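Student: Need a 3D model of the sequence below.
(2 chains)
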Amino acid sequence: DAKTTQPTSMDCAEGRAANLPCNHSTISGNEYVYWYRQIHSQGPQYIIHGLKNNETNEMASLIITEDRKSSTLILPHATLRDTAVYYCIVSAAGSARQLTFGSGTQLTVLP
Amino acid sequence: SAVISQKPSRDICQRGTSLTIQCQVDSQVTMMFWYRQQPGQSLTLIATANQGSEATYESGFVIDKFPISRPNLTFSTLTVSNMSPEDSSIYLCSGRVGTGTSYEQYFGPGTRLTVT
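Tutor: Down below sits the predicted model:
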């Protein structure tokens, strides 16, 4: 699976949009981009995933660049409860491969 | 989606003993996994739990130390055997829903293990 690069930490003001970047320059054609987050002392929570089109659900939006070498997770109106470690993971579609977690981005939402 | 529960949520164990962690999913999942998260670290996959057959272990993890069972599509156990303080971690069960072109994977709340 392709390797991802994320900033170690980010801050965001409460109520503002949080934009979390992820680089995955070695992504291959059949690999999806998955986003998870882990709030302190909890298991990881699935957020969203996509292949090449932008995706939106009730939690977030995922913007994937046209060349698919990077993506951005957008939390439109961050709240204090969004403070967590956010993991960007690239994984091949339809395979039995496991999700490989990197070190992620610690997002801190400030009041 | 899938809701995953684990028992126990936490335990403190003496070195040399073993602990079995149970994982229950509220719906059938195509795949189940066990992860370990050491303090301050990211998640590391221990093994894929295969229904009715031996689990598939990742490099650095062996069956004698982490025996795993998965008797059906919604239940799995992980045993941490002959524990040492280095086994103090959070152990997480995970289940995957969907196959084909994409899937979603869900995680349990974790079992926090402290070995003294």
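Student: Residues in a beta bridge with B:Ile21, which ones?
Tutor: B:Leu78 (DSSP bridges).
Student: what about whatever residue of chain A ends up closest to chain B, neighbour count?
Tutor: Here chain A gets closest to chain B at one residue, A:Gly43, 3.6 Å apart by Cβ to the nearest Cβ. In short, each C-beta sits where N, CA and C put it, glycine included. For A:Gly43, the count of nearby residues is 21 (other Cβ atoms under 10 Å in any protein chain shown).
Student: What is the neighbour count of whichever residue of chain B sits closest to chain A?
Tutor: Minimum separation of chain B from chain A (Cβ to the nearest Cβ) falls at B:Phe107, amounting to 3.6 Å. Neighbouring residues of B:Phe107 were enumerated by other Cβ under 10 Å; the total is 23.
Student: now swap in A:Val109 and tell me
Tutor: The criterion is other Cβ under 10 Å. On that basis, A:Val109 has 20 neighbouring residues.
Student: wait, B:Ile21 sits on B:Ser81?
Tutor: No - using Cβ atoms under 8 Å, B:Ile21 makes no contact with B:Ser81, being 11.9 Å away.
Student: neighbour-wise, which of those two wins?
Tutor: Regarding B:Ile21 and B:Ser81, a neighbour count based on other Cβ under 10 Å identifies B:Ile21 as having more, with 23 against 16.
Student: May I have the predicted confidence score for the more buried one?
Tutor: At B:Ile21, the pLDDT value in this model is 98.
Student: Next, the contact list for the residue nearest to the residue of chain B closest to chain A when sequence neighbours are not counted, please.
Tutor: Among residues not flanking B:Phe107 along the chain, A:Gly43 sits closest, at 3.6 Å (Cβ to Cβ, 6 or more residues apart in numbering or on different chains). Residues counted as contacts of A:Gly43 (Cβ atoms under 8 Å, 6 or more residues apart in numbering or on different chains) are B:Ile4, B:Leu92, B:Ser94, B:Phe107, B:Gly108, B:Pro109, B:Gly110.
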